[in-house]
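>>> Dropping the sequence and predicted coords here.
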Amino acid sequence: MKKVFLIISILAPLFLSAQDASDLFDFSSVYYQGTAKGAAMGNALGAVGSDFSAIAINPAGLGLFRKSTFTYTPEFYAISTESNYKDANASDRAFKVPMNNIGLTWTADINEGPLKTVSFALGINRLNNYTFSSFANGDNPNTSLIDAYMNELYQNDIFDDYALEDYSPNSIYPIWETYLIDFDDDGSCSTPIPAGGLDQQYGVVKKGKSRELSFASGFNFEEKFFLGVAINVLYFDRTKTTDYKEENLYSGYFRNWHQQERITNSGRGLNAKIGAIVYPAKWIRLGAAFHSPSIYDVAESWFTTTESVFSDNNYSYTSPVGTYSYTLTTPYRFNASAAFIFGNYGMITGDYEFVDYSKMRASSYDYNFTYLNDYIKATYNSTSNIRIGTEWRWQTMAFRAGYALYGSPFGFDKEDLKTTSYSCGFGYTYHKFTFDAAYVFSQRKNSYNLYEQYSEYPAYYRDANNELVADETKVKETTNINQVVISFKFRLD
């Protein structure tokens, strides 16, 4: 019985917290990372088609291909995050050179009845880039994270190290092992860390990506109606490393302590997409697409390393590696789009996408995720993504620009994790070869309470009026992303 309880206790800190709901959002979110043409036009390609990255948005766009093609797209991706904590500013940055997509399309002429052509596609589109690095640093005059932990232990009737090991083997028990918390004879907790006068540091580094391998077909009926379907094999991998450190600003027995948590996730899954594009008139195209929920089998492993430094000794402890597998169901998506065509000169396009992140769900045959799923339902909400693009042609050149707004997963009227993107680019075609380039600047803002990343219980201190108040540990972040995207497209016939 104790073994069963231990397994549940190890899982609870990971799966029953807001932090882990944000991890599920990472795996469910989509920021299309396709060709340079798509990037330059804000990926407003739902009614445009004839571009490999458009298949990820509306597979009916495959029906607009006239020739077989091969496309390859590398990218230069730089991200920087500015943070403010306790009126102190800090920053961090990361750089990566990923592959956005690689794909092959081939088109066969049919010309039997209304069906004119059938096109097929096989390739990979990147859906999300998890590369991220942030750092927050500030002096706290009032509390330590240990105060929140001790409040948590008191509220949950944890009075000795045996119960603590069962309750929190990866987070708080390592703190006891490194002499940062002790249990007194009366069952209360004590710590050598002072209540305030601490330099606090918090860092997060993420690496990884989300991709889909598409098997798609597009059908062209009378050059006026296009239908497309895609079956996608999905996969993601992400490593998240979180560091927390407190250092005594003054002389004393306690010097500093540091805990690092490393979580590795990999997921494999499936979804399906169906879409249509219609030409009601020569000057306009209308599109619609439905993306089914994605079903992932997720494998996860984690461990923590904790170190403490005192004036007379140092201690360290590494927790056992925990592993677990569960099923993730992401929300469905609906896309509506329009493209206004100005002869052979250009177009203006727009996409609207609806997604409800409150529908994210985790499940497993041997664990009840009701608490986490209820938290997601209460915290996350439906939102809208809006993308606008334009393209204008002159001889063999194309000039493009775009804008995208990805709404906050907490509701379209919220600001946290809302992402805005501005883009521009150009293309050049020479015989059967096309070169496209794009630049995209994106900005995202977020805020969170530092202690809540580790415990749902606050740390209290007495203010100038001797009243007991919860410490304010809000961190505000601004993330800037710069992307340079290059595509090489070869016509094969």
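Okay, I see it.
>>> mind showing which ranges of the stretch 1-150 of the chain have poor pLDDT?
1-19 (pLDDT under 70).
>>> Now do the strands in it.
69-85, 88-96, 99-112, 115-129, 132-140 (DSSP state E, counting those that start in this stretch).
>>> Describe which strands the last one pairs with in its sheet and in which direction.
Sheet pairing here is set by DSSP bridges, and for strand 132-140 it gives strand 198-221 (antiparallel).
>>> same thing with the third one?
For strand 99-112, the paired strands and their directions (DSSP bridges) read strand 69-85 (antiparallel), strand 115-129 (antiparallel).
>>> And the ones you listed: which comes nearest Phe135?
Closest approach to Phe135 among the strands paired with strand 99-112 (C-beta to C-beta): strand 69-85, 6.6 Å. (Each C-beta comes from the backbone N, C-alpha and C, glycine too.)
>>> okay, that closest one in CSV with CA atoms only?
Taking C-alpha atoms only, strand 69-85 is exported to CSV below (Å, rounded to 0.1, in the frame of the first residue of the first chain):
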residue,chain,number,x,y,z
THR,A,69,7.4,20.6,-56.4
PHE,A,70,10.0,20.1,-53.7
THR,A,71,10.4,22.6,-50.9
TYR,A,72,13.0,23.0,-48.2
THR,A,73,13.0,25.7,-45.5
PRO,A,74,15.8,26.4,-42.9
GLU,A,75,15.4,29.2,-40.4
PHE,A,76,17.5,31.4,-38.1
TYR,A,77,15.7,31.8,-34.8
ALA,A,78,16.8,34.2,-32.0
ILE,A,79,14.8,34.8,-28.8
SER,A,80,15.4,37.2,-25.9
THR,A,81,13.4,37.6,-22.7
GLU,A,82,13.5,40.7,-20.4
SER,A,83,12.1,40.2,-16.9
ASN,A,84,11.3,42.4,-13.9
TYR,A,85,11.2,41.0,-10.3
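>>> buried set for that strand?
69-75, 77, 79-85 (16 or more other C-beta atoms under 10 Å).
>>> For that strand, what is the distance to the chain centroid?
13 Å (C-alpha atoms, centre = their mean, to the nearest Å).
>>> Likewise for stretch 144-161?
With C-alpha atoms, centre = their mean, you get 31 Å for stretch 144-161.
>>> quick one: buried residues of that stretch?
Quick answer for stretch 144-161 (16+ other C-beta under 10 Å): 144-153, 158-159.
>>> Kindly report the same for stretch 306-320.
306-310, 317, 319.
>>> Give me the subset of these lying in strands.
306-310, 317 (DSSP state E).
>>> Adding distance to Ile175 and pLDDT, write the buried residues of stretch 306-320 out as CSV.
Listed next are the buried residues of stretch 306-320 as CSV, based on distance: C-beta to C-beta, whole Å; pLDDT from 0 to 100:
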residue, distance to Ile175, pLDDT
Thr306, 6, 98
Glu307, 11, 98
Ser308, 8, 97
Val309, 14, 97
Phe310, 14, 97
Tyr317, 9, 98
Ser319, 11, 95
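>>> How are the helices of this structure distributed by residue range?
Applying DSSP state H to the chain gives helices spanning 2-15, 18-28, 36-40, 145-155, 161-167, 173-177, 370-379.
>>> out of the ones you listed, which comes closest to Ala464?
That would be helix 145-155 among those, by C-beta to C-beta, at 18.4 Å.
>>> residues in contact with the closest one?
Here helix 145-155 makes contact (C-beta atoms under 8 Å, 6 or more residues apart in numbering) with 158-159, 164, 167, 171-172, 175, 180-181, 188-189, 191, 193, 195, 200, 244, 246, 450-451, 454-461, 471.
>>> want to throw the buried residues of stretch 306-320 into JSON lines with distance to Gln33?
Compiled in JSON lines, the buried residues of stretch 306-320 are given as follows (distance: C-beta to C-beta, whole Å):
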{"residue": "Thr306", "distance to Gln33": "36"}
{"residue": "Glu307", "distance to Gln33": "38"}
{"residue": "Ser308", "distance to Gln33": "42"}
{"residue": "Val309", "distance to Gln33": "43"}
{"residue": "Phe310", "distance to Gln33": "48"}
{"residue": "Tyr317", "distance to Gln33": "40"}
{"residue": "Ser319", "distance to Gln33": "35"}
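>>> so which of these comes closest to Asn220?
The closest of these, once distances to Asn220 are taken by C-beta to C-beta, is Ser319, at 57.8 Å.
>>> Distance check, that closest one against Tyr173.
8 Å (C-beta to C-beta, to the nearest Å).
>>> What are the buried residues along the strand ranked longest in the chain?
Of all the segments of type strand in the chain, defined by DSSP E, the longest one is strand 254-281. By neighbour count on 16+ other C-beta under 10 Å, the buried set for strand 254-281 is 254, 256-267, 269, 271, 273-279.
>>> do the same with stretch 397-407
398, 400-407.
>>> Need the contact partners of it.
31, 37, 39-44, 383-393, 418-429, 436, 438, 442.
>>> Weed out the non-buried ones from those.
Buried, going by 16+ other C-beta under 10 Å: 31, 37, 39-44, 383, 385-391, 393, 418-419, 421, 423-427, 429, 436, 438, 442, out of the contacts of stretch 397-407.
>>> In strands, which of these appear?
383, 385-391, 393, 419, 421, 423-427, 429, 436, 438, 442.
>>> Flag the shaky bits of the stretch 251-400 of the chain, pLDDT-wise.
Judged by pLDDT under 70, no stretch of the stretch 251-400 of the chain qualifies at all.
>>> Next, find the distance separating the closest residue to Thr191 other than its chain neighbours from Tyr454.
Closest residue to Thr191 apart from its sequence neighbours, by C-beta to C-beta, 6 or more residues apart in numbering: Ile146 at 4.9 Å. According to C-beta to C-beta, Ile146 and Tyr454 sit 10 Å apart.
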